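[1] just a sequence and a predicted model for now, questions to come.
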Amino acid sequence: MEEQPDNTRTAFADGPRLLADIGATHARFALQTAPGTYRSVRVLKCDDYSGIVPMLRFYLAEHADTRLHHGALALANPVDGDYVRMTNRPWEFSTDAVRRELGLDTLLIVNDFTALAMAIPGLKESDLMQVGPGKPVPGAVLGVLGPGTGLGVSGGIPTVDGFVTLGSEGGHVNFAPSDEREFAILQTAWREWSHVSNERLISGPGMEIIHRALAERNKVEAPARTSAEIITGALDDKDPLCLEVLECFCGMLGGAAANLAVTLGAFGGIFIGGGIVPRLGEWFRTSPFRTRFEAKGRFSSYLSDIPTYVISTPHVAFDGVANILSEHLRGRSGGNTLMDRIHKLRPELTPAEQRVAALVLEQPRLVLNEPIAGIAKLADVSQPTVIRFCRSLGFLGLADFKLKFASSLTGSIPVRHSQVRGSDSTHDLSAKVIDNTISAILQFRDQLDVRAIDRAIELVSRAKRVEFYAMGNSRVVALDGQHKFFRFRIPTALYGDSHLFKLAAELLGPGDVVVAISNSGRLPDLLSAVEAARAAGADVIAICNSQSPLARRADVLLAVDHAEDSTHFLAMISRILQLLLIDIMAVGISVDVHHARALPPAAVEGEGEGRRALISHLDS
């Protein structure tokens, strides 16, 4: 795998992408600069860090001059929703909170063996070591497993237009002994756990349990060894007990692999990754693994046709997690893979479903805005046909389809934006106003400049005085900010009269802060006041459009780039986004250490707690 940029390949337009493969023991990081090209590969010990954020920050500190927009992490853990609690480490975190803290636009967290399965279709023959006979059936299901600190299990299902991976925790199925020796090992494990899964024994820590159990069974005095010491003792020192442990371990792995193969019908092959087996090298070919794999009674011939491979290429999870991230970003950057899928699958649909496909391809935005009854009527099909069309594409139903389709069409968060029509009922127009606002907020969240917000919080927290300058619709936002910041005992004032802007600004000095709020960012009196404030030594925070003259005159820009024609229409959504920036700053000020230090002791020790209680976002 390359670690240096390959100039023959096209680099990503939005810069390098952060990739990581985080296990229970080690974490591997890289920056992907182009498809298949990785640089700055680092391996870190998880024990050296208190959590995932400190570890990410340590790695990213070496790349402080590189602006990263997108990242994806493969994690040795079940991943279900935003909140992740690791099984083999005392780490827990919110994916979205990590994304915001790192200033990324995109952060995906996926199971490590899901990522491994996604990498397999791209592996070359030189990346694999085949163990035993068998040939893969083209287009067939494949299985993936691998022992490391735990036992990862996944699978892959080829489809007409890609490859679908299975999110699995198959490593936690009950361990089933195949002979008296394995039953003795199970009895040893039962002393510690009432439920013994495959992962308890077919893993690095499991190898150590096997060593202890066999030493006891064989009545051999043997010091406790780590899995690495057992492997060295077997392969280098030819220690009889270590060799027996390794043979027993590989036999158990063969049994688990066979169970996975018959469960999935994995005629595409069984692929073994993880941190242990690749270290066994050629010895693994002659281990009991393959014999045990085929020892399935009536199904021995069934399994003898299925090939088994050891993945020998390093950092293979990078390829898988990069593929998942790339697929996700294609839908958000204009490369509309979902439209391509509909084109490709259209001939395989029923005639009625094809009419739905034609409507989607010809009028995609109309489909997004119509309920199921409207879509069915426009396509001249029944409502169940619309549902069958969505399920033919792999979605749960129309709502699931619309979420993904909106994302691939607009490059935005998949909440639809709908124009209110004169014929809409109160219920419909209420839903559309709320949906449009939610859509804008979620897009706004992904575009936030976290560094600018940090700087704004720092300036306001230390300010001797804060003055808000705003007119019209923005004056409501300034008033909200004045009320909030005054609660933190920061002297604040609000000026909503353009004639007073410059007079007030000329009275400011170093340590004072102006918060200028404007939809257009072009009001001459406001621009003049901002220049006067800066000339007097004050700092200026602008909440406005990033392309406006006000943005160019500010020390800190908090951009609100939602397109709203405020010259002809009453601005609504941009006002909500401006208010959100005030709220973000208020919460940040409430927890800001520098501000707490600047307060009188009584305020910090006594009234400080009362001040925090005013912020509903904070944990009291």
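    Yes, it's here. All values derive from a computational prediction rather than experimental measurement.
[2] please point out which parts of the longest helix seen in the chain sit buried.
    For the chain, the helix with the greatest residue count under DSSP state H is helix 240-264. Residues 241-246, 248-261, 264 are the ones in helix 240-264 that count as buried (16 or more other C-beta atoms under 10 Å). C-beta: built from backbone N, CA, C; applies to glycine.
[3] over to stretch 103-121?
    Buried residues in stretch 103-121, defined by neighbour count with 16+ other C-beta under 10 Å: 103-120.
[4] okay, strands next: where are they in the stretch 151-300 of the chain?
    For the stretch 151-300 of the chain, applying DSSP state E, counting those that start in this stretch gives strands covering 151-159, 162-166, 270-272.
[5] let me see the ranges of the helices in the stretch 251-400 of the chain.
    Assigned by DSSP state H, counting those that start in this stretch, the helices in the stretch 251-400 of the chain fall at 277-280, 289-294, 300-304, 316-330, 337-345, 351-362, 364-369, 372-379, 383-392, 398-410.
[6] and the ones you listed as a markdown table, adding distance to Leu459, mean neighbour count and mean pLDDT?
    What follows is the helices of the stretch 251-400 of the chain, written out as a markdown table (distance: least, C-beta to C-beta, whole Å; neighbours: other C-beta atoms under 10 Å; pLDDT from 0 to 100):
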| stretch | distance to Leu459 | mean neighbour count | mean pLDDT |
| --- | --- | --- | --- |
| helix 277-280 | 52 | 18 | 91 |
| helix 289-294 | 63 | 22 | 94 |
| helix 300-304 | 67 | 15 | 91 |
| helix 316-330 | 34 | 22 | 81 |
| helix 337-345 | 43 | 17 | 74 |
| helix 351-362 | 49 | 17 | 89 |
| helix 364-369 | 41 | 18 | 78 |
| helix 372-379 | 50 | 16 | 91 |
| helix 383-392 | 50 | 18 | 89 |
| helix 398-410 | 35 | 19 | 69 |
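[7] can I get those helices in CSV with distance to Thr95?
    Below are the helices of the stretch 251-400 of the chain laid out as CSV (distance: least, C-beta to C-beta, whole Å):
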stretch, distance to Thr95
helix 277-280, 30
helix 289-294, 36
helix 300-304, 39
helix 316-330, 13
helix 337-345, 23
helix 351-362, 31
helix 364-369, 26
helix 372-379, 31
helix 383-392, 27
helix 398-410, 17
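[8] for the ones you listed, which one sits closest to Asp65?
    With C-beta to C-beta, the closest approach to Asp65 among the helices of the stretch 251-400 of the chain belongs to helix 316-330: 22.1 Å.
[9] give me the neighbour count for Gly509.
    Neighbour count for Gly509, taken as other C-beta atoms under 10 Å: 12.
[10] repeat for the one 5 residues further on
    By the measure other C-beta under 10 Å, the count of residues near Val514 is 29.
[11] right, and the helices of the stretch 251-400 of the chain - which one's nearest His26?
    Closest to His26 of those, according to C-beta to C-beta: helix 316-330, at 11.6 Å.
[12] which residues are in contact with that closest one?
    1, 17, 19-21, 28, 30, 32, 35-36, 38, 70-74, 106, 108, 110, 112, 114-120, 122-123, 127, 162, 273, 336-337 (C-beta atoms under 8 Å, 6 or more residues apart in numbering).
[13] again, only this time at 7 Å
    Under the contact criterion C-beta atoms under 7 Å, 6 or more residues apart in numbering, helix 316-330 has outside partners 17, 19, 21, 30, 32, 38, 70, 72, 74, 106, 108, 110, 112, 115-119, 122, 273, 337.
[14] first-to-last residue distance for stretch 134-147?
    End-to-end distance for stretch 134-147: 23 Å, by C-alpha to C-alpha, to the nearest Å.
[15] buried residues, it. List them.
    Residues of stretch 134-147 classed as buried: 134, 136-137, 140-147 (neighbour count, 16+ other C-beta under 10 Å).
[16] I'd like the mean pLDDT over that stretch, please.
    Taken as a whole, stretch 134-147 has a mean pLDDT of 90.
[17] quick one: contacts of it?
    Against stretch 134-147 from outside (C-beta under 7 Å, 6+ apart): 113, 116-117, 120, 151-158, 202-204, 253, 256-257, 260-261, 264-274, 276-277, 304-308.
[18] where are the low-confidence patches of the stretch 51-200 of the chain?
    Residues of the stretch 51-200 of the chain meeting the criterion pLDDT under 70: 159-163.
[19] what are the boundaries of the helices in it?
    So, for the stretch 51-200 of the chain - with DSSP H, counting those that start in this stretch - the helices run 52-61, 95-102, 112-119, 180-190, 198-201.
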